[in-house]
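Novice: please work out how this folds:
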Amino acid sequence: MSRNRGPLADVWRFETERPHPDGGVIILSQAVRYGTPRQRLFARQRDEHLNDAGALVRCHLQRLEIAYLYPGDVCSLLEQARFADITIHGGFDGRPLASDGDELVIRAQRLP
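Specialist: Below you'll find the model as predicted:
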């Protein structure tokens with residue numbers, strides 16, 4: 001989140017480049033801003049198709065707003081929805097949740 005705060009909020013960042021099947025390349029970039037008090041992420045994602053000469057063939061822009069939840073938030077929501085035996089892991093291999101890059105894998109049992 002700190003990458004997208006203050007003067008870095010809404011700054012376009014190169015993400016990746018990959019070859020296009022018809023020639024040229026696809027360049028993916030995004031600009032992200034966090035709404036921390038409401039736990040929201042606001043992003044604009046852009047993909048640009050450039051031909052072999054580097055001229056722009058097509059550009060697509062997508063806006064995205066998502067809510068992000070912390071593990072405690074997820075547990076509270078599951079408990080309110082009558083789930084029990086809630087466990088959170090950092091991957092499908094059962095390792096502990098240890099860093100931001102981990103997957104959030106949740107197991108829970110629905111109560112009758």
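Novice: relative to V11, how far out is L111?
Specialist: L111 is 46 Å from V11, where distance means CB to CB, to the nearest Å. Bear in mind the C-beta positions are built from the backbone N, C-alpha and C, glycine included.
Novice: give me the low-pLDDT residue ranges for the protein?
Specialist: 1-4 (pLDDT under 70).
Novice: which stretches in it count as strands?
Specialist: Assigned by DSSP state E, the chain shows strands spanning 13-19, 25-35, 40-50, 56-67, 83-89, 105-110.
Novice: ok, A84 touching Q109?
Specialist: Yes. Here A84 reaches Q109: they are 5.2 Å apart, a contact under CB atoms under 8 Å.
Novice: next one: stretch 64-81 to chain centre, how far?
Specialist: In terms of CA atoms, centre = their mean, to the nearest Å, the centre of stretch 64-81 is found 15 Å from the chain centre.
Novice: quick one: end-to-end length of that stretch, please.
Specialist: When the termini of stretch 64-81 are compared using CA to CA, to the nearest Å, they are 27 Å apart.
Novice: may I see the buried residues of it?
Specialist: Of the residues in stretch 64-81, C75, L78 count as buried by neighbour count, 16 or more other CB atoms under 10 Å.
Novice: thank you, goodbye.
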